[in-house]
Structure formats: structure tokens, C-alpha cells
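Peer 1: What follows is a predicted protein model with its sequence.
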Amino acid sequence: MGIFSRFTDIVNANLNALLDKAEDPQKMVRLIIQEMEDTLVEVRSVSAKTLSEKKDLVRQLTRLENEVNEWERRAELALSKDREDLARQALLEKSKLQDTLDSLQAEIDRVDDHIERLSGEIGQLQEKLADAKARQKSILMRERTVSSRLNVKKTLDSGKVDDALHKFERYEAKIDDLESQVEAYDMGKKTLADEFRSLESENKVDAELEALKARVKKDTAKKEDKA
């Protein structure tokens, strides 16, 4: 079973348990990320162990290759000494070792394939983990935003804002009433500026009156002269 199959089984089991308990989304996201991180640590440990086993297999392969070469050298030596019987036995030993060598090489090839697939899955898991962490930030941000908007909506719909505005209006009306009372006290009272404006007005009227008297007197004198 691949690491993603195992990981999916674990996450699904936990998600179902969380959904049954109606847990909050933040906790679910944190759990998924924690499961991914734990799986990544475990897979890296398996990968390191597999690499170590491969090194041991390679050492065995090298030893067998040396032995195969050695038996071939011995077969050549026996033939050079006209010992065909010994050369045949040396080649039989070489053949046995070659079979073991081929089997070991096939095992190493399988390990290489496993390591390659494991490496690819680790890369995918790392990408998924980075994506999950980015989404976690986005989800938390969206949740905070929605919660704030919901609080604003609740405040507006609760009537508290309208009550506060009505209180402001009543307070403004009360201030208007007080200002009207102050203005009422000032009605009929002349200030120093009012007194001077009154004097200036009287002077202007007196001047106009004198001018009018002079004009009438002049007109009367003209009429008398004509008569």
C-alpha cells in the first residue's frame, strides 16, 4: 500500500470522528496537517532505512562480482596447466555465484524502483503539506473575517445602533431647547453695539429730516416769489 492510501485512511477515520462530534474546522485542518507531517517523518525514516539496505546489497554485489571474476581466473589458470577437470569445476562455481549475483542485482533493481517511487511520493506529500498550510491560513483568515461580519450584522440587527441614534436625536433636541431658552433670555436686551447702532440710526434720520425741511422751505419761498 502506498503512503497516500495509508494517509487517506488515517485522515478519513479522524475526519469522520470529528464530524460525528461536530468539531470546529480549525481543529480538523490542524489534524490533517499533523497527520501529513507525521506521515512525512515516518516515510523519510523508511526511505533512509531502505537506502541503508541498498548499500548493504551493493556491498554484497561487489563481493560476488569479485568472486565470480576470481573463479574465472582460476578456470583460465587450470586450462593453462592442462587441468580441464579443475577448469570445469571452477566454471561451475562461477555459474552458481553468477546466479546468486543475478538474483541480487534483480533485488537491487526492485529496491531502486521502490526508492524512486518513494521519493516521488515524498515530493507529492511535501507539496500537499505546503498547500494544506497555505489553505489553513486562508481558512483562518476567512473565518475571522466572517466572524467579524457576523458580529457587525448581529449588532445592527439587534436594534442597539438604532436605539443609540434615537438617544442622540433626543439629546440634540434637548440641546436645541436649551439654546432656545438662552436666546429667549437675550431677547429685548440691547448690547453696547446695539446702543451705538441706534445712535447712528438716529443721526441719519435727523440729517435726512433737516435736509427735507430745507428743501420744503426752499420750495415754499419759490412759490411766494412767484405770487
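Peer 2: Received the coordinates, thanks.

Peer 1: which of the residues in stretch 27-44 are buried?
Peer 2: For stretch 27-44, burial by neighbour count (16 or more other Cβ atoms under 10 Å) applies to 28-29, 31-33, 35-36, 39-40, 43. Every residue, glycine included, has its C-beta placed from N, CA and C.

Peer 1: Now it - C-alpha only, CSV.
Peer 2: Backbone C-alpha positions of stretch 27-44 (Å, rounded to 0.1, in the frame of the first residue of the first chain) are rendered in CSV as follows:
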residue,chain,number,x,y,z
LYS,A,27,-9.2,21.6,14.6
MET,A,28,-9.9,19.5,11.6
VAL,A,29,-7.4,21.4,9.5
ARG,A,30,-4.7,21.2,12.2
LEU,A,31,-5.3,17.4,12.5
ILE,A,32,-4.9,16.9,8.7
ILE,A,33,-1.7,18.9,8.7
GLN,A,34,-0.4,17.0,11.8
GLU,A,35,-1.2,13.6,10.1
MET,A,36,0.6,14.7,7.0
GLU,A,37,3.7,15.8,9.0
ASP,A,38,3.8,12.6,11.0
THR,A,39,3.4,10.6,7.8
LEU,A,40,6.2,12.5,6.1
VAL,A,41,8.5,11.8,9.1
GLU,A,42,7.7,8.1,9.0
VAL,A,43,8.2,7.9,5.2
ARG,A,44,11.5,9.6,5.4
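
Peer 1: Columns distance to K96 and pLDDT on top of the buried residues of stretch 27-44, output as JSON lines?
Peer 2: Listed next are the buried residues of stretch 27-44 as JSON lines, based on distance: Cβ to Cβ, whole Å; pLDDT from 0 to 100:
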{"residue": "M28", "distance to K96": "59", "pLDDT": "75"}
{"residue": "V29", "distance to K96": "59", "pLDDT": "76"}
{"residue": "L31", "distance to K96": "55", "pLDDT": "81"}
{"residue": "I32", "distance to K96": "53", "pLDDT": "80"}
{"residue": "I33", "distance to K96": "54", "pLDDT": "83"}
{"residue": "E35", "distance to K96": "49", "pLDDT": "83"}
{"residue": "M36", "distance to K96": "48", "pLDDT": "83"}
{"residue": "T39", "distance to K96": "43", "pLDDT": "84"}
{"residue": "L40", "distance to K96": "44", "pLDDT": "85"}
{"residue": "V43", "distance to K96": "38", "pLDDT": "84"}
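
Peer 1: Tell me the one among the residues you listed nearest to A207.
Peer 2: A207 has its nearest neighbour among the buried residues of stretch 27-44 in V29, at 93.4 Å by Cβ to Cβ.

Peer 1: Tell me where this structure has helices.
Peer 2: In the chain, the helices defined using DSSP state H lie at 3-20, 25-80, 84-157, 160-186, 192-226.

Peer 1: mean pLDDT for those helices: which is lowest?
Peer 2: Across the helices of the chain, helix 3-20 has the smallest mean pLDDT, namely a mean of 54.
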